[in-house]
Each structure stands twice: as structure tokens, then as C-alpha cells.
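> Sharing a model that was predicted from the sequence below.
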Amino acid sequence: MSLGGPDERNFLGGMNPMVDFLEADRYSGSPSTNFKVRAAGLQPDIFFKEKMLMKIQNDVYVAIDYSLTLDSEEVVDCSEPGKPFGFIFGGGQVIMGLEKGLEGMEQGESVKFTVEPEEGYGQPRQELFRELPRESFPGDVDLAPNMIFEGSGPQGTFRFRVESVSDDVVVADLNHPLAGQRLHFEVEVVEVREARTEELEALKNHAGCAPESCACCDTTCD
């Protein structure tokens, strides 16, 4: 590998007027790559380091600024200014399509990509439409289709949409609000680093979704 041309003697500070060439051997390393430079008649060897940015891969911590829109161009989620969304890559905290779109990227890079329902929140499932007794709802609420309510279950609270209403029965849609939707992401990678031990331990103890983001769970962007 050539490190110069006519200015090679200046690069070496005039240490040896007989320097006619430079040679470099690459040595693999992580996260940096070492270069051992041999100059004719020059001792000792000089070492340089080229900083290599970490790529997004399993078990690294990733922080992103992002916005999420639908085919209708409605913005349904976004990171707060100055507060990028962070997660452990490959830990199941975000949808598969988001991870696929980010894999291999480095800090400072930006990307736009689309996630199909199969790698997002799936298609609506018929078994998740449930009939609930009308008396389960507040009596002073005028129920109507597409209203959103919050319920509770063994795994905590959840939100659901009213599909239809009759005198005695309310049909609730328990599918994720973005089920069946194509998701359009615009992302900037803010940080990529090795995950800390405590972060990996927390992931093991609380496996699953990162609740502060619609990239996994269901929040909306004001």
C-alpha cells in the first residue's frame, strides 16, 4: 500500500534522505485495524492506526432518530428531539423489518426503507376480534366504532379498538393498531457501541418489546 508519492520524505520528517518507498502490511484487529509501515533504512518501525466504526450486529447497543409513516403519509411515531431511541440489536425489542433495514450500518449513516406487514406487525388475525359484554364499558360513554380503550390482562395493560357496537355486545379488535400496514421508516443512526453487561442482563430479565417506541409497541407521535 502506498502512503504517498513525491512528499514521502516530508511525511517522514526528513529522517532519512535514502527513503525511496514505503510499504504497509495490514493486520486485522477490532475495533481498529493496525498498519505496520516499513521504510527502507528507517528504524524502528512506525505504527499507525485507522479507526474502524462498529457496524450494527447482534448484541450491540444501537440508538436511532427515526420517523415512521404509513402509506397515507400519516406520521404515526417518531423519536423525541434530542432523545434517540436505544435498544439491543437482535434482542427482540423491535420488529424484524426494522432490524433488517439497519443491519450492517454505522454511526452517522441515514437510511429510508419500507417494511411489509409480514416483517412488521403481521396481518389482522380473526381470532383477535372478541365479543365483550356492553356492561364491561362505562355506562356514560357513547360507544362508537374505532374508539380506543385500554384494558388489562396477565401481561399488563393493552389497547384495543372498537370494531362494532350493538345493544348488548361490543366487538373489540385486539390486533396491533398497525397490523396489516406497510411501514415507512426514515432513520439516522446516532450511536453504535458494545452493549454493557448490565444492559444485556436487563434484556434477559425483561425480554421483549421496548415500550417507549412504536417501532415495537404501540404509541403515537403527537
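Perfect, I can see it now. Computed from a predicted model, the values in this text were never measured in an experiment.
> CA only for contacts and neighbour counts going forward, please
Fine.
> give me phi/psi at E119?
Backbone geometry at E119, expressed as degrees, to the nearest 10, gives phi -110, psi 10.
> Low-confidence regions, this protein specifically.
For the chain, applying pLDDT under 70 flags the ranges 1-51, 206-222.
> mind listing the helices for it?
For the chain, applying DSSP state H gives helices covering 8-11, 96-102, 197-205.
> any idea which strand is longest in the chain?
Counting by DSSP state E, the longest strand found in the chain is strand 183-194.
> List the buried residues for that strand?
Buried residues in strand 183-194, counted by 16 or more other C-alpha atoms under 10 Å: 183-193.
> hang on, the earlier thing: among the helices of the chain, which is the most enclosed?
helix 96-102 (a mean of 18; mean count of other C-alpha atoms under 10 Å).
> for that one, packing partners?
Using 3 or more C-alpha pairs under 8 Å, 6 or more residues apart in numbering; DSSP states H and E, the elements in contact with helix 96-102 are strand 110-115.
> Could you tell me the angle between the strand it packs on and strand 183-194?
Strand 110-115 runs at 130 degrees relative to strand 183-194, counting by axes from the mean of the first three to the mean of the last three C-alpha atoms, to 10 degrees.
> Would you mind pulling the contact partners of strand 110-115?
For strand 110-115, the external contacting residues (C-alpha atoms under 8 Å, 6 or more residues apart in numbering) are 97-98, 101, 182-189.
> mind redoing it with 10 Å?
Residues outside strand 110-115 that contact it (C-alpha atoms under 10 Å, 6 or more residues apart in numbering) are 64-71, 95-98, 100-102, 105, 120-121, 181-190.
> got the buried residues for it?
110, 114-115.
> what's the answer for stretch 68-77, then?
For stretch 68-77, by 16+ other C-alpha under 10 Å, it's 68-70, 75-77.
> again with stretch 152-164
Across stretch 152-164, burial judged by 16+ other C-alpha under 10 Å covers 159-164.
> Reformat the residues you listed as a markdown table; add distance to V170.
What follows is these, written out as a markdown table (distance: C-alpha to C-alpha, whole Å):
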| residue | distance to V170 |
| --- | --- |
| R159 | 15 |
| F160 | 12 |
| R161 | 10 |
| V162 | 7 |
| E163 | 8 |
| S164 | 6 |
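> Can you flag which of the residues you listed belong to strands?
Residues of these located in strands (DSSP E): 159-164.
> what's the most distant pair in those residues?
Spatial extent of these (C-alpha to C-alpha) is set by the pair R159 and S164 at 15.8 Å.
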